[in-house]
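Enquirer: return atomic coordinates for the entry below.
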Amino acid sequence: MLERLAPPGAERTAGELGADFGLSQPTVSQHLKVLREAGLVSVREEGRCRIYQLRSEPLDQVYEWVGKVVSFSDPAGHLWRVRSSSEGE
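Expert: The predicted model follows:
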């Protein structure tokens with residue numbers, strides 16, 4: 001669902017999001033509730049519709065954290081690099 005709300009600034013109704021995935025309205029509502037509670041989406045009411053929008057700030061924080069742990073030095077000064085599963089195995 002987050003990808004369906006990207007790029008930041010894009011807006012979709014719960015009905016549009018449900019149609020994208022072929023999910024029932026209660027299922028979509030539950031997913032959106034979890035995303036709202038996590039602070040990943042914002043919602044505004046327009047008439048009878050709820051309009052959802054991605055909140056990029058929490059994702060920016062995750063991206064920043066991942067950048068810190070991908071490459072780091074230990075107390076002895078050794079440089080460590082975390083390899084992704086997509087890199088040569």
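
Enquirer: just the helices in the chain please.
Expert: In the chain, the helices defined using DSSP state H lie at 14-21, 25-37, 56-70.

Enquirer: which of the ones you listed has the lowest mean pLDDT?
Expert: In terms of average pLDDT, helix 56-70 trails the rest of the helices of the chain, at a mean of 81.

Enquirer: for the helices of the chain, which one sits closest to residue 48?
Expert: helix 14-21 (10.6 Å; CB to CB). Just so you know, the C-beta spots here come from the backbone N, C-alpha and C atoms, and that holds for glycine as well.

Enquirer: returning to that earlier point: JSON lines for the helices of the chain, including distance to residue 1 and mean neighbour count?
Expert: Below are the helices of the chain laid out as JSON lines (distance: least, CB to CB, whole Å; neighbours: other CB atoms under 10 Å):
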{"stretch": "helix 14-21", "distance to residue 1": "6", "mean neighbour count": "15"}
{"stretch": "helix 25-37", "distance to residue 1": "6", "mean neighbour count": "14"}
{"stretch": "helix 56-70", "distance to residue 1": "13", "mean neighbour count": "11"}
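
Enquirer: residues in contact with residue 3?
Expert: Neighbouring residues of residue 3 by CB atoms under 8 Å, 6 or more residues apart in numbering: there are none.

Enquirer: ugh, wrong one, residue 46
Expert: By CB under 8 Å, 6+ apart, the contact set of residue 46 is empty.

Enquirer: show me the beta-bridge partners of it.
Expert: Using DSSP bridges, the beta-bridge partners of residue 46 come out as residue 49.
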